[in-house]
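Peer 1: Have a look at this prediction, sequence included:
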Amino acid sequence: MAAKLHHFRVAILATDGFEESELRKPREALDQAGAKTTVVSQRSGDIRGWSMRDWGDTVRADATLDQADPADFDALMLPGGVINPDRLRIDPRAVAFVKAFVDANKPIAAICHGPWTLINAGGVKGRRMTSWASLEADLANAGAHWVDEPCVTDGNLVTSRRPDDIPAFNDAMIALFAQRVKMPM
């Protein structure tokens, strides 16, 4: 894959309980496209992934929410897993971090349960989105138009349903982010 995202900085917001494949595979795709990815978390050190039905491998947090500045990044990626976004959406620092991307109209990619944090950051009203099916009512109640499709791009937002959709999610995420490489921020 060509380095479409050379020097493009992507924050990946995650904490314990992130769905392992939804962080690792999109991060690998972003890295292969030339992006600089940074895992931002609630605390320093390793965070533990969830692998379908049990705890999975760890990933090192590159920066904490107290250290990371949204202005230092060009885009945001929100992996799912049930535990991960549930913990993040009740952390005012995480919600403020996501809201900064929403307010700056920076590209955001969210998969599975990742949109939960976007709801709390006020980033879904009027948006056409998809997610894990159990979020349909949450997104609709927050003003989004939920659809059951593998991947949906609406303006600066790309969303996807589940791990099976990661290839489509990666392609759409990279295409969206690549549009911003060409545009001045």
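Peer 2: That came through, no problem.

Peer 1: where does this protein have low pLDDT?
Peer 2: 1-3, 182-185 (pLDDT under 70).

Peer 1: I'd like to know the beta-bridge partner residues of the residue most central in space within it.
Peer 2: When CA atoms, centre = their mean is applied to the chain, the residue found nearest the centroid is L78 (1.7 Å). Going by DSSP bridges, L78 is paired in beta bridges with A110.

Peer 1: pretty sure T159 is touching M129, no?
Peer 2: Yes - with contact defined as CB atoms under 8 Å, T159 counts as touching M129 (4.5 Å). Using the backbone N, CA and C atoms, a C-beta is placed for each residue, glycine as well.

Peer 1: Please say which of the two ends up with more neighbours.
Peer 2: When T159 and M129 are compared for neighbours, T159 comes out ahead with 33 against 26, by other CB atoms under 10 Å.

Peer 1: By residue count, what's the longest helix in the chain?
Peer 2: Ranked by number of residues, the top helix in the chain under DSSP state H is helix 166-182.

Peer 1: Please identify the buried residues of stretch 16-35?
Peer 2: By neighbour count on 16 or more other CB atoms under 10 Å, the buried set for stretch 16-35 is 16-27, 29-30, 33-35.

Peer 1: how about the closest residue to E20 other than its chain neighbours, secondary structure?
Peer 2: Once flanking residues are discounted, E20 sits nearest to G49: 3.6 Å by CB to CB, 6 or more residues apart in numbering. Following DSSP: H, G, I helix; E, B strand; the rest coil, we place G49 in the strand state.
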